[in-house]
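Novice: Okay, sequence plus prediction incoming.
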Amino acid sequence: MAENNYQMLLSINWLFPDNPQQVKEKLIEIQSQYRQSRQQISSFCPFPLPKRLWQRLLNFIAVDPQKKWSELSKNELIKLAKELTQGEYKILGKGVFKDEFVTCGGVKLKEVNFSTMESKVCQHLYFAGEVLDIDGVTGGFNFQSAWTTGWLAGLALSKS
């Protein structure tokens, strides 16, 4: 990332595994269901996305959030389908921490059963979080690793 001055293009399919054509067909179906409705596009998202993300995606493609589903043009439906499945977002710099750092070291991963987080070396010993030798930029990655491994270890312990 540093080599690129922390600038890059990120592509996201918010509705994976659906492709643009499948999403366009779903949007056309939704539009036909709301043909007689006064339902605004910003107040109803037909996909499992957070409301704020939905509104942000509409903003990216410059669709008036007050527009009704029945008023969307074919071109707007195509743009929306593309944004939902092939959205491209420019990353222009580092996060608020300015200096990323990495933590590493810990229990060797080959010594852990990842379905239970139990040690393969010492029965009834469970590991979670940063005690494991998982490298990653400090922040969201480590939180997610801690939550996931903690949940797996807790689940395994509750069953033992």
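Specialist: That came in fine, so what should we check first? Note that the structure is a prediction, hence the values are computed from the model and not measured.
Novice: hey, let's count contacts and neighbours off CA atoms from now on
Specialist: Fine.
Novice: Touching the top helix by length along the chain from outside, list them.
Specialist: Longest helix of the chain, by residue count under DSSP state H: helix 140-159. Identification of contacts with helix 140-159 by C-alpha atoms under 8 Å, 6 or more residues apart in numbering yields S115, T116, M117, E118, Y126, F127, A128, G129, E130, G136.
Novice: Please give the number of neighbouring residues around the second one.
Specialist: Other residues within reach of T116 by the criterion other C-alpha atoms under 10 Å amount to 18.
Novice: That one - that's part of a helix, no?
Specialist: No: under DSSP: H, G, I helix; E, B strand; the rest coil, T116 sits outside any helix and is assigned coil.
Novice: And the longest helix of the chain, what's buried?
Specialist: N142, S145, A146, T149, G150, L152, A153, G154, A156 (16 or more other C-alpha atoms under 10 Å).
Novice: Which of those lies at the shortest distance from P17?
Specialist: S145 (24.1 Å; C-alpha to C-alpha).
Novice: any idea how far the closest one lies from Q66?
Specialist: 40 Å (C-alpha to C-alpha, to the nearest Å).
Novice: and if you look at Q36?
Specialist: 16 Å.
Novice: ok, now E111?
Specialist: 56 Å.
Novice: neighbour-wise, which of the two wins?
Specialist: E111 (14 against 11).
Novice: Not counting its neighbours along the chain, what's nearest the more buried one?
Specialist: In space, E111 comes closest to K120 once its chain neighbours are excluded; the distance is 5.1 Å by C-alpha to C-alpha, 6 or more residues apart in numbering.
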